[in-house]
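Colleague: predicted model and sequence follow; I will ask about them next.
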Amino acid sequence: MLMTPSSLVDTRCGTMLGHTDVMMAITTPVNDLNRIELECFWKWQRNKEDILSRFILASNEDPDERITDKYLRDTILNFLIAGKDTSANTLSWFFYMLCKHPTIQERIALEIIESVGDKVVSNEKGNYSSVDEFTARLTEESIDKMQYLHAAITETLRLYPAVPVVQTFLSTVIFLVHNSSFFDGKCADEDDVLPDGLKVKKGDGVNYMMYAMGRMTYLWGEDADEFKPDRWLANGVFQPASPFKFVAFNAGPRICLGKEFAYRQMKILAATLIHFFRFRLEDESRSIKYRTMFTLHIDGGLPVTALRRIKCE
């Protein structure tokens, strides 16, 4: 769920948020120090695997394509802000739904075994399955076979979108991160009338709520509030909905650039955890509530109990 690296100022409203100034002030010197450190060790250390190092090292290999510090800063902020909390919170809601629907959890576990295989090894400690061996078998082909897992994650995003509201702030006409997947609200340049007859005046902000759209019965049917991964499948194959209906990743020219990366990341982590553990809520009687920030958090976190399916090393 990554944003397009771009200006943090909306060109129409021309307003810079104060918190972005703080972010830039913090990240710029850190980025400078990291570049200096990497360039000092450039001649003898080429195997650094973190993403910032990879960007800088690739830039140094081709001076004609040297990446600017600003580009690096914007890209890394995109990964940290748009690519971390969104996926992490989605997985939290995903495991919450699996705890509430244990039959779905077991169906996913069976699909994982069928897609990857369940290689069990015996030694003096008994039977176990190696985590390293399992993850090595998570190839692109095997991950693509996990259609039901893909549907379950998508169904989670329908009910609990990572970014629940696409918004502007009408009082000060502030826009956050122009061209981003987070905030794609519009500011009316002039008076207008929307297709449903709603009148919009110049300067008004127009927003949409992903959380509400995912629960509208006229979009998803009378069972819109229910967690049903099967609604995304036809003959066992995942059937995507229009991105203008399922808007968790936005749509059109501003659709999330990291959509496939996010799915792949979440499926790998989910498959590994579900293969080795069975999850249940620590407190079944607790009422789970959300807390809206940049992203949709579970208020108070999600304490769960993880029970081993098989021994792992």
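Modeller: Structure's in. What do you need? Numbering: from 1, shown residues only.

Colleague: give me the buried positions along stretch 135-155.
Modeller: Leu138, Ile143, Met146, Gln147, Tyr148, Leu149, His150, Ala151, Ala152, Ile153, Thr154, Glu155 (16 or more other CB atoms under 10 Å). Heads up, the C-betas are built off the backbone N, CA and C, glycines and all.

Colleague: stretch 285-295 now?
Modeller: Within stretch 285-295, the residues that qualify as buried are Phe294, Thr295, counting by 16+ other CB under 10 Å.

Colleague: and the contacts of it?
Modeller: 81, 85-86, 89, 96, 160, 162-165, 182, 296-300, 302 (CB atoms under 8 Å, 6 or more residues apart in numbering).

Colleague: care to break this structure down by domain?
Modeller: Domain ranges of the chain: 18-82, 88-165+210-308, per automatic domain parsing.

Colleague: most tightly surrounded among the ones you listed?
Modeller: Counting by mean count of other CB atoms under 10 Å, domain 88-165+210-308 has the highest mean neighbour count of the domains of the chain, with a mean of 16.

Colleague: mind telling me which of the domains of the chain the model trusts least?
Modeller: Of all the domains of the chain, domain 18-82 carries the lowest average pLDDT, namely a mean of 63.

Colleague: could you check how far Pro161 is from Ser242?
Modeller: 15 Å (CB to CB, to the nearest Å).

Colleague: count the neighbours of Lys84 for me.
Modeller: When neighbours are defined as other CB atoms under 10 Å, Lys84 has 12 of them.

Colleague: could you report the pLDDT at it?
Modeller: According to the prediction, Lys84 has pLDDT 78.

Colleague: let's number from 9 now, not from 1
Modeller: Noted, 9 is the first residue going forward, which turns the last one into Lys92.

Colleague: so who does it touch?
Modeller: Not one residue lies near Lys92 by CB under 8 Å, 6+ apart.

Colleague: where do the helices sit along this structure?
Modeller: For the chain, the helices defined by DSSP state H cover 26-48, 59-69, 77-85, 93-108, 110-124, 139-144, 148-152, 155-167, 218-221, 225-228, 267-284.

Colleague: need those in JSON lines with distance to Gly244, can you?
Modeller: As requested, the helices of the chain are exported to JSON lines (distance: least, CB to CB, whole Å):
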{"stretch": "helix 26-48", "distance to Gly244": "45"}
{"stretch": "helix 59-69", "distance to Gly244": "35"}
{"stretch": "helix 77-85", "distance to Gly244": "38"}
{"stretch": "helix 93-108", "distance to Gly244": "19"}
{"stretch": "helix 110-124", "distance to Gly244": "10"}
{"stretch": "helix 139-144", "distance to Gly244": "23"}
{"stretch": "helix 148-152", "distance to Gly244": "13"}
{"stretch": "helix 155-167", "distance to Gly244": "6"}
{"stretch": "helix 218-221", "distance to Gly244": "27"}
{"stretch": "helix 225-228", "distance to Gly244": "21"}
{"stretch": "helix 267-284", "distance to Gly244": "16"}
